[in-house]
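Student: Okay, predicted coordinates and the sequence, questions at the end:
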Amino acid sequence: MADHSEDACKKVDVSITRVFELLGKRWTGPIISVLMERAVYFAELRRAIPGISERMLSDRLTELGAAGLVVREVDEGPPLRVSYRLTKAGAAMEPALKELSRWAESHLADVSEGGC
């Protein structure tokens with residue numbers, strides 16, 4: 001018989017919880033994915049992610065900046081332009097994210113192939 005006592009239950013890993021609190025938010029994955037390629041201007045980033053509003057993009061970039069994963073750089077104009085790039089810590093996620101992408105290709109159904 002299985003032991004279902006409180007002591008027998010494994011607690012959720014604190015690090016995993018922190019990662020998914022940040023990366024589990026809608027739009028965060030696509031933003032990081034675009035920034036993995038190169039630094040991008042705000043307007044380019046918005047065009048690269050269909051459906052995201054300027055407000056949501058700005059909010060997510062602010063969160064990623066506060067977490068130390070993205071840097072905001074102002075290019076003095078004219079015209080004044082703002083670009084974003086991954087920090088060293090942000091770029092260090094690339095191997096893990098590529099592995100997750102490979103896993104998704106193998107194990108998650110493609111909704112465009114006859115799904116909903």
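Tutor: Right, received. Where do you want to start?
Student: after the helix or strand of the chain with the lowest mean pLDDT comes which helix or strand?
Tutor: When each helix and strand of the chain is scored by mean pLDDT, DSSP states H and E, helix 14-23 comes last, with a mean of 89. Counting by DSSP states H and E, the next helix or strand C-terminal to helix 14-23 is helix 28-37.
Student: Give me the helices and strands touching that following helix, please.
Tutor: Where contact means 3 or more C-beta pairs under 8 Å, 6 or more residues apart in numbering; DSSP states H and E, helix 28-37 is packed against helix 14-23, helix 42-48, helix 54-66, strand 81-86, helix 88-91, helix 94-107. To be clear about C-beta, it is placed using only N, CA and C from the backbone, and glycine gets the same treatment.
Student: could you redo the last one with a cut-off of 7 Å?
Tutor: If contacts are counted by 3 or more C-beta pairs under 7 Å, 6 or more residues apart in numbering; DSSP states H and E, helix 28-37 sits against helix 42-48, helix 54-66, strand 81-86.
Student: most neighbours per residue, which of the ones you listed?
Tutor: strand 81-86 (a mean of 17; mean count of other C-beta atoms under 10 Å).
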